[in-house]
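[1] Attaching a predicted model along with its sequence, questions to come.
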Amino acid sequence: MKKILLSLIALGGLAALLMAQKTPSTDSTTESDLPDVVVNGYKAYKSGGYMLASTTWTRDSALAVDPLILPAFRNNLALNTSNGGQFLGADAIATVKLSATTKEIYTVARFERLVIYMNFTCYKVGDKWIVTAIDDNRDPIRILPTAIMSGQQPIT
């Protein structure tokens, strides 16, 4: 009985260690922590509108040539811009480092009449970052991880 109990304790400790190693780190985010492609996309949104922003975010990515995703994303941005009014800016919410070459970036885009929560999957190729997936929604629950929504992760 003691051997079984000790084995279960050892297995539990090993499982906890493995889970800790697999947990991505979430950091409090500032603009300097964000990949340039995300920041430049928001700057393009401010200066040239949603079409320029979407082109900036998808440059050098497979998204730029995706016949389904890019038009749907642009339509969504157009609708949000139409309904929300002038784009005012964006705030970083959190960055989740998944690996040395991948990050999830969570932001909120601010308009005159609404906010849009956005998630960018970023991949580092050589010395530059590209966006490999973008998701946006007015409902933060559909974009932000539960840990962020429940206050368990740092939020800036």
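    Nice, I can see it.

[2] going forward, measure contacts between C-alpha atoms and count neighbours the same way
    Noted.

[3] so for stretch 53-67, what's the average pLDDT?
    Average pLDDT, stretch 53-67: 96.

[4] likewise stretch 147-156?
    For stretch 147-156, the mean pLDDT works out to 67.

[5] Would you map the helices across the chain?
    2-22, 36-48, 50-58, 69-84, 146-149 (DSSP state H).

[6] Could you check how many residues crowd around residue 150?
    By other C-alpha atoms under 10 Å, the residues close to residue 150 number 9.

[7] Could you measure from it over to residue 88?
    For residue 150, the distance to residue 88 equals 27 Å [C-alpha to C-alpha, to the nearest Å].

[8] do the same with residue 102
    Using C-alpha to C-alpha, one gets 28 Å for the distance from residue 102 to residue 88.

[9] who has more neighbours, those two?
    Neighbour comparison, residue 102 and residue 88: the larger count goes to residue 102, with 18 against 13 (by other C-alpha under 10 Å).

[10] Who does the more buried one form a beta bridge with?
    Following DSSP bridges, residue 102 is listed with bridge partners residue 99, residue 123.

[11] give the contact list for it.
    Residue 102 sits next to 121, 122, 123, 124 when contact means C-alpha atoms under 8 Å, 6 or more residues apart in numbering.

[12] Tell me, please, where in the protein the pLDDT is lower than the cut-off.
    For the chain, the stretches with pLDDT under 70 are 1-32, 152-156.

[13] swap the cut-off to 50 and go again
    1-29, 155-156 (pLDDT under 50).

[14] Would you agree residue 137 is in contact with residue 114?
    No - using C-alpha atoms under 8 Å, residue 137 is not in contact with residue 114, being 10.9 Å away.

[15] Who has more neighbours out of these two?
    Taking other C-alpha under 10 Å, residue 137 and residue 114 do not tie; residue 137 has more neighbours (18 against 15).

[16] can you tell me which residues contact that one?
    Residue 137 neighbours (C-alpha under 8 Å, 6+ apart): 116, 117, 118, 143.
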